[in-house]
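A.B. asks: show me how the following folds:
(one chain, ligands or ions: 1)
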Amino acid sequence: MEYISTRNSSDHFSFKNVFLKGLADDGGLFVPKSNKPFSKEELSKLSSLKYNELAAEIIFPFIGDFMTKEKLSSLISKSYSNFRSEDVVKISDIGNLKVLELFHGPTLAFKDVAMQLIGNFYQFHLEKAEKKINIIVATSGDTGAAAIDALKGKSNLNVFVLHPHNKISPVQRRLMTIHEESNVYNIAIEGNFDDCQNLVKAMFNDQNFSNKINMSGVNSINWARIIAQAVYYFYAYFRIGNGQSLSFSVPTGNFGDIYAGYLAKKLGLPIDKLIVATNKNDILHRAISGGDYTQKKVEETNTPSMDIQIASNFERLLYDVKDCNSEATKNVMSKIKNNTYQIDNIDLDKIKKNFTSEMLNENETISIIKDIYEKNKVVVDPHTAVGIGAARKLGLEQNCVVLSTAHPCKFPKAIEEAISKTEKLPDSLKYVYDKEEKFKVLSNDINKVKDYVTNSI
Ligand SMILES: *Cc1c(COP(=O)(O)O)cnc(C)c1O
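C.D. replies: Residues are numbered from 1 along each chain as shown. Presented below is the predicted three-dimensional model:
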């Protein structure tokens, strides 16, 4: 399969290029040149596979000659061998609502599903490479932990994680900062998540710097993450769908997880609506409900992994909406940069064929956690609560699967506020409280961050 950038469709890239670069040199995102949907017969063959087998079938067509299918299958098994759920993810019922639990990996959030595989992709690639890679990643809390767990101790690479200082929960922070492996570097930036993301983007865009340190990225724009995440939409559909189409409600920040659902739909999976569920940082809800894609200031909420105003992966959808025209996409992106983009009605209608959206404020999120605990004796994390609340508000709970993106123990403050108790860490993770933390606090200053990286490697 060949890839192009959303901002330039004339150059072609291999999966390996796309995986290692993350972002195209022109600032665009990589997308496949074309997608070949599965036929009904193919889907029916896939429907009885176990998670790991299914993952190999979905992912292999996207990676071309990067590795053989046998190698891919063995890396998939290795990646998910330490998950606490037998078949990687788990489907559960909350009343008559279906929930897809994605938090049974080592750092208790859905990001492990893609990141563990990416860690092994890097290791596979670096066995043959002669130059060390430096992976730099921004996190609102969960990506960083997942990346560090997947990359710690791997040879020929370092991982630098930028998180917003004092803006993530202690469990989230500890899952990143307690590691002793010498290739792990945590940086706490005095700013918010968008500041961290902008610093990483600026380092990427400084080609002198990024070439010098052989920089690579694993943020949610990385195409490998998208394809790894598309797998669980198939898995859930095959366990629940019964031949009918299903909707998915997805707590959304950077538009990565839900874009994976859109990819699954493009590959032929009978998905009805993809529900974009946001907190009060609601740019995506404003965009999808009324065309308003203007950025406001990021506000802190009890769902910090969605406290984002720049939904990077949205560019991939806009590219489709613009009929795969990279010039038109570039145009839109420059409007977004100037914060003047309004989606016109023709484009909005196209988006609404596949997506709908809702927003939950702080109190609504807390009420959902409380309500579900009282009625169903289940504790859901606040992000999952936003997904559930959005489906409820839209009246779309029938034939709907809510993606449960994190374990409730990661967000004790919100859980405590809702039900006056907290959830315990799974036993296998209790050790994170006993270990010493290691991180460097830096101001929101690109030169300070670059110096720190250069001096560390
Ligand atoms: C990252 C994250 C999200 C948002 O996912 P995106 O791919 O950025 O839309 C939602 N919930 C949790 C718990 C997360 O960690």
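A.B. asks: okay, now the nearest residue in space to S456 that is not next to it in sequence: neighbour count?
C.D. replies: Spatial nearest neighbour of S456, chain neighbours left out: Y185 (5.7 Å); criterion: CB to CB, 6 or more residues apart in numbering. No exception for glycine: its C-beta is placed from N, CA and C like everyone else's. Neighbours of Y185 under the rule other CB atoms under 10 Å: 20.
A.B. asks: kindly report the same for A129.
C.D. replies: A129 has 13 nearby residues by other CB under 10 Å.
A.B. asks: packing partners of the helix or strand hosting S9?
C.D. replies: In this assignment (DSSP states H and E), S9 forms part of strand 8-13. For strand 8-13, the elements it packs on are strand 3-5, judged by 3 or more CB pairs under 8 Å, 6 or more residues apart in numbering; DSSP states H and E.
A.B. asks: for the strand it packs on, which positions count as buried?
C.D. replies: Y3, I4, S5 (16 or more other CB atoms under 10 Å).
A.B. asks: hmm, S34 and the first one touching each other?
C.D. replies: No. The pair formed by Y3 and S34 falls short of the contact definition of CB atoms under 8 Å, at 10.3 Å.
A.B. asks: would you say T301 is within a helix?
C.D. replies: No. T301 is assigned coil when assessed by DSSP: H, G, I helix; E, B strand; the rest coil, not a helix.
A.B. asks: what sits against it?
C.D. replies: Going by CB atoms under 8 Å, 6 or more residues apart in numbering, T301 touches N279, K280, N281, D307, E362, T365.
A.B. asks: the strand holding S9 pairs with which strands, and in what direction?
C.D. replies: Partners of strand 8-13 in the sheet, by DSSP bridges, are strand 3-5 (antiparallel).
A.B. asks: identify the residues contacting the strand it pairs with?
C.D. replies: Residues from elsewhere that reach strand 3-5 (CB under 8 Å, 6+ apart): 10-15, 17-18, 24-26, 28-33, 223, 326.
A.B. asks: could you flag which of these are buried?
C.D. replies: F13, F15, V18, A24, G28, L29, F30, V31, P32, W223, S326.
A.B. asks: what residues does the fifth one make contact with?
C.D. replies: Neighbour list for G28: S5, T6, R7, N8, E315, S326, T329, K330, M333 [criterion: CB under 8 Å, 6+ apart].
A.B. asks: isn't S79 right next to F121, touching?
C.D. replies: No. Shown here, S79 and F121 do not form a contact pair, counting by CB under 8 Å, at 9.1 Å.
A.B. asks: tally of neighbours for F209?
C.D. replies: Other residues close to F209 by other CB under 10 Å number 16.
A.B. asks: name the element it belongs to?
C.D. replies: Short version: F209 belongs to helix 207-212, going by DSSP H and E.
A.B. asks: so which bits of that helix are buried?
C.D. replies: Buried residues in helix 207-212 (16+ other CB under 10 Å): F209, S210.
A.B. asks: who in this structure is up against the ligand?
C.D. replies: Within the chain, the positions lying close to the ligand (CB under 6 Å from any ligand atom) are 109, 111, 142, 220, 251-258, 305-306, 383, 405-406.
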